[in-house]
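S.K.: This is the structure alone, sequence omitted:
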């Protein structure tokens, strides 16, 4: 039975004083198919936790040992600041003498770029003219996101990472000279650190991404892992440095997670593309074709604020939540993100919303495992209104670019990007486990016999393949057009061999096809 009484304490207010930040996907080139490697001591034939050994006292040791030399994972703990609303960022020192900047950590892109000119929304920028080690590569670069874009110049310089591997490293760096809706109010970062594969790098995949350079120069393992600790936390702009997390470059830090690590294969090495088998709301299966969840891709992207779902999946999720929740009515503006839902101060609405679960395919393709988050992660506290109301936003949104496991969902887990073995791992984050509601859970293995053997639609082209085909077809059409023009002009040239006149129309077409 619906609890009508709850509705009376529910107030909906316009989302006018709450500027939300989202760094969505960008259009980029496709990568090569993922190669799967067995973990030493672990068979890929079963969907189990990573191979682990026990320290004295029972503490787990992650499968990837720490590299020899100058790296300590414990020193990297708490090297991130921010939250899911404004993004998680870390501090870098760039150039000689070093210039200190904060950069957004983004697993959904591959360029390392920083503000290279003043901008109203950034407190500082990298002045390449002041760095004696900066080298311009003479290449223009631009990146367009679903929301926002920037353009600038590509170069190289040395960097060092506060709370990262010791030493200085030479990396490709784009200086942002112009941007549109990229830098936003109330953020504390001045650039973006793309950690995806080189297939997404601009202006071409030949540009070595930041993490690839660090792996090569620091001789660390080709693995990084993230913990984001904004579960149930919302802070005003003046306190935006109070929340944080950890980016572990080179491996896994056992103190950041509890229980086993569950791995899913990377289906294609461009974004961190994974395969989702089904979604549940309050333990009820949405019963959609599994290809709907992977249309046109499903990725793990720390630079996207919300959990973003394909339109059909989003509608099904909202319908399931409204059917299960005891709240009698809800304004559509809450679901679309245009309104906040407010309750009397001190009342906790989280129990009125069900848990959400995502099933991922395991390393054994016949099995899956389940990631579950409580409403504490997707019904997000935003602000206090008139000292009497606590207001929340819906942390899920529709997407035209596929399903995106963004910061809203990732905050419940310690996420391992094991590039060496083409897989992404999930374990319960100690931040989420410490929350009042135990905001996340992992369970498995489960049989995947009730879903298709391949949930990734093969009929849809990935964006890069589409663009390659488009360019080839354009080239063929252009060549054919030029041949026709030449053939049309030949009779005229035969009759006027001594003429030096230039035909204006043919000249114009020729210049268009330079």
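M.R.: Perfect, thanks for sending it. Worth saying up front: this structure is predicted, and the values here are computed from it rather than measured. Residues are numbered from 1 along each chain as shown.

S.K.: In space, what's closest to residue 157 - neighbours in sequence excluded?
M.R.: Nearest non-adjacent residue to residue 157, counting by C-beta to C-beta, 6 or more residues apart in numbering: residue 134, 4.6 Å away. Bear in mind the C-beta positions are built from the backbone N, C-alpha and C, glycine included.

S.K.: So what's the residue count around that neighbour?
M.R.: 19 (other C-beta atoms under 10 Å).

S.K.: Look up how far residue 113 lies from it.
M.R.: 14 Å (C-beta to C-beta, to the nearest Å).

S.K.: sorry, back to before: OK, contacts around the residue nearest to residue 157?
M.R.: Residue 134 makes contact with 95, 128, 155-157, according to C-beta atoms under 8 Å, 6 or more residues apart in numbering.

S.K.: Please identify the pairing partners of the helix or strand containing residue 224 and their relative orientation?
M.R.: Assessed by DSSP states H and E, residue 224 sits inside strand 223-228. Using DSSP bridges, strand 223-228 pairs in its sheet with strand 244-249 (antiparallel), strand 413-418 (antiparallel).

S.K.: Would you tell me which one of those strands is buried the most?
M.R.: strand 413-418 (a mean of 26; mean count of other C-beta atoms under 10 Å).

S.K.: Show me what the very next helix or strand once past it is packed against.
M.R.: Using DSSP H and E, the next helix or strand after strand 413-418 towards the C-terminus is strand 423-429. Other elements packing on strand 423-429 under the criterion 3 or more C-beta pairs under 8 Å, 6 or more residues apart in numbering; DSSP states H and E are strand 223-228, strand 257-265, strand 413-418, strand 440-447.

S.K.: From the contact counts, what lies against the second one?
M.R.: Contacts of strand 257-265 with other secondary structure elements, assessed using 3+ C-beta pairs under 8 Å, 6+ apart, are made with strand 356-361, strand 413-418, strand 423-429, helix 430-433, strand 440-447.

S.K.: Would you mind listing the buried residues in the last one?
M.R.: In this case it means strand 440-447. 440-442, 444-446 (16 or more other C-beta atoms under 10 Å).

S.K.: cool, and the first one?
M.R.: For strand 356-361, a neighbour-count test (16+ other C-beta under 10 Å) marks 356-361 as buried.

S.K.: mind listing what residue 247 touches?
M.R.: Under the criterion of C-beta under 8 Å, 6+ apart, the contact list for residue 247 reads 76, 79-80, 90, 105, 164, 224-226.

S.K.: What is the lowest-pLDDT residue among these?
M.R.: Within the set of the contacts of residue 247, pLDDT is lowest for residue 164 (92).

S.K.: rewinding a little: with distance to residue 341 added, can I get the helices and strands packed on strand 423-429 in CSV?
M.R.: Output for the helices and strands packed on strand 423-429, formatted as CSV (distance: least, C-beta to C-beta, whole Å):
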stretch, distance to residue 341
strand 223-228, 24
strand 257-265, 31
strand 413-418, 26
strand 440-447, 22
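
S.K.: Could you point out which of the ones you listed sits nearest residue 352?
M.R.: strand 440-447 (19.0 Å; C-beta to C-beta).

S.K.: Summarise which helices and strands the closest one is packed against.
M.R.: strand 257-265, strand 367-373, strand 423-429.

S.K.: could you dump those strands to CSV with mean pLDDT and mean neighbour count?
M.R.: Output for these, formatted as CSV (pLDDT from 0 to 100; neighbours: other C-beta atoms under 10 Å):
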stretch, mean pLDDT, mean neighbour count
strand 257-265, 97, 22
strand 367-373, 97, 22
strand 423-429, 97, 25
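
S.K.: Those strands: which one's closest to residue 244?
M.R.: strand 423-429 (12.7 Å).

S.K.: Sheet-wise, list the partners of that closest one with their directions.
M.R.: Strand 423-429 is paired, per DSSP bridges, with strand 257-265 (antiparallel), strand 413-418 (antiparallel).

S.K.: Export the ones you listed to CSV and append columns for distance to residue 194.
M.R.: Shown next, in CSV, are the strands paired with strand 423-429 (distance: least, C-beta to C-beta, whole Å):
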stretch, distance to residue 194
strand 257-265, 21
strand 413-418, 13
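
S.K.: Now that we have the helices and strands packed on strand 440-447, can you turn them into a markdown table and tack on distance to residue 138?
M.R.: What follows is those, written out as a markdown table (distance: least, C-beta to C-beta, whole Å):
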| stretch | distance to residue 138 |
| --- | --- |
| strand 257-265 | 39 |
| strand 367-373 | 45 |
| strand 423-429 | 36 |
